[in-house]
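Undergrad: Please work out how this folds:
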Amino acid sequence: MNPKRVPARATDRLHEGAGSVVTRYLLLIALAVSLVAVPVSAEDSLNSSALHEPAVVHIGVYVVNFNRFSVEEGRVEANFYVNLKSDTPVSINDFEIMNGQITSVDTIIDTPHEKEYRIIAALTVDPDLRRYPFDRHTLPIRIEPKFKNEQGMVLVIDPAESGLDPEADLPGWGFTGTSSAVTNKSYAMDENPYSRAVFNYGIGRDRASTVLKFFLPIMLIIIVSLSSLVMKVTSRLGLNASMFLAAVLIHWRIADAIPLVAYATFLDFFMIITYATLVMVLVSGILIIKFTEGKDTARVDQVYRWSIRIVPVLSIVLYSLLFLTLMV
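TA: Next comes the predicted model:
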């Protein structure tokens, strides 16, 4: 048999077997590549989604003290600690105080995932003078990321690192409470909002000093003026006029300590009642002088009786209703 002569059918079988082997190898290679590519693509997907998740920063503010609070200027100096905790690197340079300016920063803790700073800052305050001089105010500390909006950074209040030192003292004022919250702030209509942490500290004017400094002189003037109603002599007119001028001077001195506002304060209503009382006493004195000079004793007695009955009662009722508004 000639070895060079191979049947055509056998040659076809050899080619067919070689082709099937190559196909199997290609399938195995494709399967192996797919098994490797699936977890890699899954990891890339996870990494991509992780990159788009905002960094969560736990923030706490602990106030040591407030100093030099000025109602007229709307400014106060704050001395406080800021604590930052996050899974990503973060520092005080990533934030800014929206209602003030930092004047001093000292680093207390400096680790990759926790920072703590001692800060002194000059803060601006929007005073509410509707109850002046029994006014209450809120001293806020508003902290916000400098560059990253909510898609890049989210703030969360850390209650364990927040609060007010028990020894904190603001002369002339008492602390009425604290609160904190995270809000959103947008600076344009279509802009993504920024996460903002707000720490509020309430203060109220000391009531004992308020009564002594503001209301005691005015009340003494009212008492003297009302006491003159029992007098029928003409000299009471000069006494009432001097009391009226004294009340105007005291009002001017008290009102000069606060800025001009577009609404009436408690002091304004108090002085309106005071002026009304003094004017009624003055008018009664003028009428008595007029009827005395006309020798109309009946009219003198009538004005005398009605002024004693009406003016003190009306004054006390109006003052009582005004002070009841403080309880609302």
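
Undergrad: in the stretch 151-300 of the chain, which spans are helices?
TA: Remark: helices assigned in the stretch 151-300 of the chain by DSSP state H, counting those that start in this stretch are 207-210, 216-227, 236-255, 266-293, 297-324.

Undergrad: list the helices and strands the host helix or strand of Tyr117 packs on?
TA: Assignment of secondary structure by DSSP states H and E places Tyr117 within strand 114-124. If contacts are counted by 3 or more CB pairs under 8 Å, 6 or more residues apart in numbering; DSSP states H and E, strand 114-124 sits against strand 75-86, strand 100-111, strand 136-145. Heads up, the C-betas are built off the backbone N, CA and C, glycines and all.

Undergrad: how far does the last one sit from the chain's center?
TA: This points to strand 136-145. 4 Å (CA atoms, centre = their mean, to the nearest Å).

Undergrad: swap in the second one?
TA: Relative to the mean C-alpha coordinate of its chain, strand 100-111 is positioned 22 Å out (CA atoms, centre = their mean).

Undergrad: can the helices and strands packed on strand 114-124 go into a markdown table with extra columns for distance to Ala188 and mean pLDDT?
TA: A markdown table is the format used below for those (distance: least, CB to CB, whole Å; pLDDT from 0 to 100):
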| stretch | distance to Ala188 | mean pLDDT |
| --- | --- | --- |
| strand 75-86 | 27 | 96 |
| strand 100-111 | 23 | 94 |
| strand 136-145 | 15 | 95 |
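
Undergrad: Just put those strands in TSV and tack on distance to Ile258 and mean neighbour count.
TA: Formatted as TSV, those follow (distance: least, CB to CB, whole Å; neighbours: other CB atoms under 10 Å):
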stretch	distance to Ile258	mean neighbour count
strand 75-86	14	20
strand 100-111	21	12
strand 136-145	12	20
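
Undergrad: I'd like to know which of those strands is closest to Pro166.
TA: Smallest distance to Pro166 across these (CB to CB): 14.4 Å, for strand 75-86.

Undergrad: Give the other helices and strands that the closest one contacts.
TA: Using 3+ CB pairs under 8 Å, 6+ apart: strand 75-86 touches strand 55-70, strand 100-111, strand 114-124, strand 136-145.

Undergrad: Same list, these, but as a markdown table with distance to Val76 please.
TA: Output for those, formatted as a markdown table (distance: least, CB to CB, whole Å):
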| stretch | distance to Val76 |
| --- | --- |
| strand 55-70 | 4 |
| strand 100-111 | 9 |
| strand 114-124 | 5 |
| strand 136-145 | 6 |
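
Undergrad: which residues does Leu164 form a beta bridge with?
TA: Val63 (DSSP bridges).

Undergrad: quick one on the thing from earlier: could I get the helices and strands packed on strand 114-124 as a markdown table with distance to Phe270?
TA: Converted to a markdown table, the helices and strands packed on strand 114-124 look like this (distance: least, CB to CB, whole Å):
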| stretch | distance to Phe270 |
| --- | --- |
| strand 75-86 | 27 |
| strand 100-111 | 33 |
| strand 136-145 | 17 |
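
Undergrad: Those: which one's closest to Arg118?
TA: That would be strand 100-111 among the helices and strands packed on strand 114-124, by CB to CB, at 4.2 Å.

Undergrad: Provide the strand pairings for the closest one, with the direction of each partner.
TA: By DSSP bridges, strand 100-111 pairs with strand 114-124 (antiparallel).

Undergrad: Domain boundaries for the chain, per the record?
TA: 8-52, 55-205, 209-327 (automatic domain parsing).

Undergrad: mind showing which ranges of the protein have poor pLDDT?
TA: Residue ranges of the chain with pLDDT under 70: 1-52, 234.

Undergrad: one more time with 50, if that's ok
TA: Within the chain, the ranges that satisfy pLDDT under 50 run 1-16, 36-50.

Undergrad: Give me the residue at the spatial middle of this protein.
TA: Pro140 (4.0 Å; CA atoms, centre = their mean).

Undergrad: check contacts around that one.
TA: Asn99, Leu123, Val125, Val198, Phe199, Asn200, Tyr201 (CB atoms under 8 Å, 6 or more residues apart in numbering).

Undergrad: Using JSON lines, lay out those together with neighbour count and distance to Tyr62.
TA: Shown next, in JSON lines, are those (neighbours: other CB atoms under 10 Å; distance: CB to CB, whole Å):
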{"residue": "Asn99", "neighbour count": "17", "distance to Tyr62": "18"}
{"residue": "Leu123", "neighbour count": "21", "distance to Tyr62": "15"}
{"residue": "Val125", "neighbour count": "20", "distance to Tyr62": "19"}
{"residue": "Val198", "neighbour count": "21", "distance to Tyr62": "15"}
{"residue": "Phe199", "neighbour count": "25", "distance to Tyr62": "9"}
{"residue": "Asn200", "neighbour count": "14", "distance to Tyr62": "14"}
{"residue": "Tyr201", "neighbour count": "25", "distance to Tyr62": "11"}
